[in-house]
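# my questions are about this predicted structure, shown below with the sequence.
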Amino acid sequence: MPKTFHRTDRVSAQLRRELGALVHDAVREHGLPSISVSDVEVTRDLAHAKVFVVALQPERAAEAMKGLKGLVKPLRYELGKAVKLRHVPELHFHYDDSFDRGERIENLLRENPPTDVDDAE
C-alpha cells in the first residue's frame, strides 16, 4: 500500500522550516520575547496558513503574539522570497498552549504522585 503525501503536508513542512528561521531572526531584530514555531497548517487551496507558536516564557506570550502579529506583512514578504510558490499563503499566528498544559499536568503529577490501588485495600 503506497504512502500518500498530500501537497499541503509538504508545503506545511517547508513553511514550518522557513518560518522557524524567519521568526527567530525577527525576534532578535525587534527585541521580542523568545518564541518558536511549533506547527503550520495550510488550507487545501494554499491561501491561508495557521502558524502555531510557543513562547519560551509563557508569562510574556501575549507580548510576543502582539509583536508577531505586527510583523505579519514583512514575514510574508520574506517567506515569498524563500519559497517557490505562486501565491504565498496569508499567515495567521496562533499561540500553541499545549506545551504549557503539558507542563502544568507534569507539575501536578510530581506534586501528587499516583497511589497504588492495592495499598488502599
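Done, it's in.

# which stretches of this protein form strands?
In order along the chain, the chain carries the following strands (DSSP state E): 35-42, 48-55, 90-95.

# okay, and for the chain, where does confidence drop off?
1-5, 116-121 (pLDDT under 70).

# just the helices in it please.
7-30, 61-70, 72-82, 98-111, 117-120 (DSSP state H).

# put together CSV for those, with distance to Thr43 and mean neighbour count on each row.
Just so you know, the C-beta spots here come from the backbone N, C-alpha and C atoms, and that holds for glycine as well. Formatted as CSV, the entries for the helices of the chain read as follows, by distance: least, CB to CB, whole Å; neighbours: other CB atoms under 10 Å:
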stretch, distance to Thr43, mean neighbour count
helix 7-30, 8, 16
helix 61-70, 19, 16
helix 72-82, 15, 15
helix 98-111, 21, 10
helix 117-120, 47, 6
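
# now render the ones you listed as JSON lines, adding distance to Pro89.
Converted to JSON lines, the helices of the chain look like this (distance: least, CB to CB, whole Å):
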{"stretch": "helix 7-30", "distance to Pro89": "7"}
{"stretch": "helix 61-70", "distance to Pro89": "16"}
{"stretch": "helix 72-82", "distance to Pro89": "8"}
{"stretch": "helix 98-111", "distance to Pro89": "22"}
{"stretch": "helix 117-120", "distance to Pro89": "51"}
